[in-house]
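>>> Here is my input; please provide its structure:
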Amino acid sequence: MEFRIPRPLTVEHAELHAELRRATKVKGQVGAAAARVAELLHPHFVKEEEYALPPLGLLGALARGEVTEDMRAVLPMTDRLRTELPHMLAEHRAVVGALRKLSAAAKRARRPGVVRFAEKLVLHARTEEEVLYPAAILVGDYVRRRLPTVI
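Now for the predicted structure:
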């Protein structure tokens, strides 16, 4: 079974990437700080799209009480997220630190759009930490509990 990241999340990630790409093209300290954010963020987004966010595609079906044997394939993803969570959160801390530097550089350069972008990306990270990652882990826990144990 293929697990699809909910479309609102893929759209949000695409928009964040586009905004970051624009910020990296700004000359001087703003562009350099944005490039550092991009350097930290890209491998993190790859991990999220590989195993942290796809389990969320099951939320609608699970909320309707639908649990099927093919959902068992989500368990390696949610188990990996549980294991990798401390590292994912450490990556967030590094990204947020780089975003603070980007925001400071953007304030000095009078680039309010870049400041807003940095604030938006910090909020996005908090949403992942407080809502999305825990929800993805709970998807795995729920599927595991609802499906019969395979011997």
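>>> So which residues of the protein form strands?
Assigned by DSSP state E, the chain shows no strands.
>>> wait, isn't Met88 in contact with Ala52?
Yes - if you go by CB atoms under 8 Å, Met88 and Ala52 touch, sitting 6.8 Å apart. Where C-beta positions appear, they are placed from N, C-alpha and C, glycine not excepted.
>>> Identify the contacts common to the two.
Common neighbours of Met88 and Ala52, counting by CB atoms under 8 Å, 6 or more residues apart in numbering, are 81, 133.
>>> neighbours around the closest residue to Ala32 other than its chain neighbours, how many?
Counting by CB to CB, 6 or more residues apart in numbering, Ala32 lies nearest to Ala105, which is 7.7 Å off, once chain neighbours are set aside. Residues lying near Ala105 (other CB atoms under 10 Å) number 22.
>>> same deal with Tyr133?
Using other CB under 10 Å: Tyr133 sits among 23 other residues.
>>> again with the one 10 residues further on
The burial count assigned to Val143 is 21, neighbours taken as other CB under 10 Å.
>>> neighbour count winner among Met88 and Ala52?
Neighbours were tallied for Met88 and for Ala52 using other CB under 10 Å; the higher tally belongs to Ala52 (24 against 19).
>>> pLDDT below threshold where in this structure?
The chain contains residues with pLDDT under 70 at 150-151.
>>> Would you map the helices across it?
7-24, 28-47, 59-63, 75-108, 112-127, 133-146 (DSSP state H).
>>> As a markdown table, these with distance to Met1 would be great.
A markdown table is the format used below for the helices of the chain (distance: least, CB to CB, whole Å):
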| stretch | distance to Met1 |
| --- | --- |
| helix 7-24 | 18 |
| helix 28-47 | 21 |
| helix 59-63 | 11 |
| helix 75-108 | 11 |
| helix 112-127 | 26 |
| helix 133-146 | 11 |
